[in-house]
Structures are given as C-alpha cells and as structure tokens.
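Enquirer: Quick one: sequence plus predicted model below, questions after.
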Amino acid sequence: MSRLFKNDVLEGQVALITGGGTGIGAAIARELASQGARIVIASRKADRIAKAAAGLSAELGQEVLGLPCDIRDRDAVSALVEGTLAQHGRLDILVNNGGGQFLSPAEMIRPKGWDAVVETNLTGTWNLTRAAADAWMLKHGGRVINITMLTDRGFPGMAHSVAARAGVEALSRTLAVEWAAYGLRVNCVQPGLILSSGMNNYPDGGELARQTQSEIPLKRLGSCEEVAWMVAFLAGPAGAYITGQVLTLDGGRTLWGNTWPIPDPPTLPEVLIPSEPWEQDGD
Ligand SMILES: NC(=O)c1ccc[n+]([C@@H]2O[C@H](COP(=O)([O-])OP(=O)(O)OC[C@H]3O[C@@H](n4cnc5c(N)ncnc54)[C@H](OP(=O)(O)O)[C@@H]3O)[C@@H](O)[C@H]2O)c1
C-alpha cells in the first residue's frame, strides 16, 4: 500500500522498470505496483532479475515479470518490449532507471570505460525509449521517466556519467516537444545521494556516503522510497501537466557543498584590491 498516493490511480496500467531488481528501481516497482500498475522489471543479470521478480511477486501479491536485458543491445531491448506486450498487451509507463558508472578522475578514464558508461546511460536510455515508443507509446500515449543524476554543477569523478545524464535530460526536453502530440510525456528525476544498494558498487561506498552526508543541507542521504514517490507523481494523474522537466531530489546538495578538494598552486596569486590613482595618496 502506498504511503503517499491513492492506491488505484494506476489500475490497469503497465510499467516497465529497468534496473528494477535492485535499489531505487525495486522501490519504484513497489510504489507503482501499490498504485495498481502491473510491473515488468529488467536488467542484465538473469539470475538476479529472476530472484527479484520472485521476491517482488511474493511481496506485492501480483506476478511481477522479470526479463533479462542489456539496454545497450538493441535486439535485446526490442525483445524486452515485445515480451512486455506479449504478457500484458500494453506499456504505459517506462522508467529508465538501469545504469551505472565508476568513480574516476577524468584523466584516468580509458576509451573503453567512457564508451561503456555513455552506451549504458545515454544510448541505452534512447534504445528503450525508442523501442517503447515505436511498439506502443506513439500510438497509445505513455509516460517516460528517466533517472539521471545532479548535472547542474560539475560532478568531479563522474565526467563520463554526468555527460551522459545531461544528454538524457536534453533528449527528454526534446522528445517532450516532439512527442507531445502523441500523448507522450517525458521527464527526468535527478537524485542526489540516495542510500541504496548501488553504494556497494564503489570502493568504500558506505564511507564515502557518510562523509558526504555533512555536505547536504538536510544532513542526510535520500531514500529509494523518496525517489519512487517522485517517479509515481510524474507517472500518475498528479503529473499530467508536467513534461520535459528535470525534478531534483537532493536535500539541497546542489546549492552547497564541495566534495572535490582542488589543490592550491605552489604560489597563490596575491590578492590586491584595486583602487583609483587619486585614492592612493592617503586622502
Ligand atoms: N544511489 C544514488 O545515490 C544515485 C544517485 C543518482 C543517480 N543514481 C542512478 O539511479 C539508478 C539506480 O541506482 P541504484 O542506486 O539503485 O543502484 P543499483 O542498485 O546499482 O542499480 C543499477 C541497476 O541498473 C541495472 N543495470 C546496470 N547496467 C545495465 C544495463 N546495461 N542494462 C540493464 N540494466 C542495467 C543493474 O542490474 P544488472 O547489474 O543486473 O544489470 C541494477 O539493477 C542508476 O542509474 C544510478 O546511476 C543513483
């Protein structure tokens, strides 16, 4: 049962969530299901997605379909959309949540690493959005919600991913205009630091999160459930007049904080406050 929304607002609708077997994606699956949507989750690891689908099915009292899919592989993406339509006969909500990156200073990112992150987070999002649009949404309408990251300032250590996610946001604004006439809404949710299983992907991820906590004005990390609520808001009738937007959910972090120390040069330039010549004689 949703703690925030009426429980039947998505009744009869079908939601496909990539990365729906872990962390933020699983919370989104729970929240949309609790509002009545039928759920399909997908990610690369077949065993992980099958286990998560079985777990969510037991928890939610509905049969959650779990399909393996690497969003970088266009044939697999088409098969995922076909599998969803074969099972449920419609596809109303697509949540492009599946993705990831590794932490690295920009000068250490190798071509292979760059390509993998951009292919996953930008091209993968496009692959699935396009497949869902072609197979269903351009005819019947729908909602696409893309999970991105904080792109408004620099994101040191994540040059590849922040570039890809900013690309997703630009894509979303563009599709929101081009596809509005088809009854399609496209939005992004931009989470700050969220306490999710994804933290384990980083060496000392827990420690990094604990350190960063003090740099967030609300002095805590976000929860997966809070991201899911924002997604549900955009997916349901409350979001009916919102398209092409990027909604930030970061406890105020974008407004403040400095997680990347910049070393001083050997000598700092002298700070001299300028004055006009006629003001320099001590008058
Ligand atoms: N946690 C945060 O603080 C935070 C902040 C901003 C943005 N985000 C973003 O939010 C999303 C969810 O993150 P999370 O924290 O819940 O981490 P997570 O548990 O690591 O979730 C990532 C999910 O994406 C799936 N995935 C990765 N590559 C994929 C691919 N090529 N094709 C299909 N599925 C793929 C993974 O499953 P498989 O390994 O089985 O493929 C996994 O289920 C990610 O895009 C993440 O970058 C997270």
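Expert: Alright, I've got the coordinates.
Enquirer: Run through the bridge partners of the most centrally placed residue in the chain.
Expert: Residue closest to the mean C-alpha point of the chain, counted by Cα atoms, centre = their mean, is Ile147 at 1.6 Å. Beta-bridge partners of Ile147, counted by DSSP bridges, are Val189.
Enquirer: so what's it up against?
Expert: Contact partners of Ile147, counting by Cβ atoms under 8 Å, 6 or more residues apart in numbering, are Ile24, Val95, Asn96, Asn97, Gly99, Cys188, Val189, Pro191, Val227, Val231. C-beta here means a position set from N, CA and C on the backbone, and glycine is covered the same way.
Enquirer: ok, the fifth one - contacts?
Expert: Applying Cβ under 8 Å, 6+ apart, one finds that Gly99 lies in contact with Thr18, Gly19, Ile71, Thr120, Asn121, Gly124, Thr125, Ile147, Ser161.
Enquirer: For the ligand, state which of those residues is nearest.
Expert: Nearest to the ligand among the contacts of Gly99: Gly19, at 2.8 Å, using Cβ to the nearest ligand atom.
Enquirer: How about the closest one, nearest residue that isn't a chain neighbour?
Expert: What sits nearest to Gly19 in space, not counting adjacent residues and going by Cβ to Cβ, 6 or more residues apart in numbering, is Gly98, at 3.3 Å.
Enquirer: what about burial for the contacts of Gly99, which qualify?
Expert: Thr18, Gly19, Ile71, Thr120, Asn121, Gly124, Thr125, Ile147, Ser161 (16 or more other Cβ atoms under 10 Å).
Enquirer: returning to that earlier point: export the contacts of Gly99 to TSV and tack on pLDDT, secondary structure and distance to the ligand?
Expert: Output for those, formatted as TSV (pLDDT from 0 to 100; DSSP: H, G, I helix; E, B strand; the rest coil; distance: Cβ to the nearest ligand atom, whole Å):
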residue	pLDDT	secondary structure	distance to the ligand
Thr18	98	strand	5
Gly19	98	coil	3
Ile71	98	coil	4
Thr120	98	helix	5
Asn121	98	helix	7
Gly124	98	helix	6
Thr125	98	helix	9
Ile147	99	strand	4
Ser161	98	helix	7
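Enquirer: those helices in the protein, which residues are they?
Expert: Per DSSP state H, the chain carries helices over the ranges 23-34, 46-60, 74-88, 111-118, 124-132, 138-140, 159-178, 205-213, 224-235.
Enquirer: quick revisit: which ChimeraX command selects the buried ones in the contacts of Ile147?
Expert: Provided next is the ChimeraX selection string for whichever of the contacts of Ile147 are buried by 16+ other Cβ under 10 Å:
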select :24,95,96,97,99,188,189,191,227,231
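Enquirer: among the contacts of Ile147, which are within reach of the ligand?
Expert: Contacts with the ligand within the contacts of Ile147, as defined by Cβ under 6 Å from any ligand atom: Ile24, Asn97, Gly99, Pro191.
Enquirer: Which of these fall in strands?
Expert: Those of the ones next to the ligand among the contacts of Ile147 mapping onto strands are Pro191, per DSSP state E.
Enquirer: Farthest pair within the ones next to the ligand among the contacts of Ile147?
Expert: Gly99 and Pro191 (11.7 Å; Cβ to Cβ).
Enquirer: Neighbours of Arg253, how many?
Expert: 22 (other Cβ atoms under 10 Å).
Enquirer: That one reaches Leu193, doesn't it?
Expert: Yes: using Cβ atoms under 8 Å, Arg253 is in contact with Leu193, at 6.8 Å.
Enquirer: hey, what's in contact with both of these two?
Expert: Ile216.
Enquirer: Nearest residue to the closest residue to the ligand within the stretch 1-150 of the chain in space, ignoring adjacent ones along the chain?
Expert: Closest residue of the stretch 1-150 of the chain to the ligand, Cβ to the nearest ligand atom: Gly23 (2.4 Å). Leaving out its chain neighbours, the residue that sits closest to Gly23 by Cβ to Cβ, 6+ apart is Ser196, at 3.4 Å.
Enquirer: And that neighbour, how close does it get to Asp92?
Expert: 25 Å (Cβ to Cβ, to the nearest Å).
Enquirer: How about Leu171?
Expert: 20 Å.
Enquirer: Which of these two has more residues huddled nearby?
Expert: Shown here are Leu171 and Asp92; by other Cβ under 10 Å, Asp92 has more neighbours (22 against 18).
Enquirer: doesn't Gln13 make contact with the more buried one?
Expert: Yes: if you go by Cβ under 8 Å, Asp92 and Gln13 touch, sitting 4.0 Å apart.
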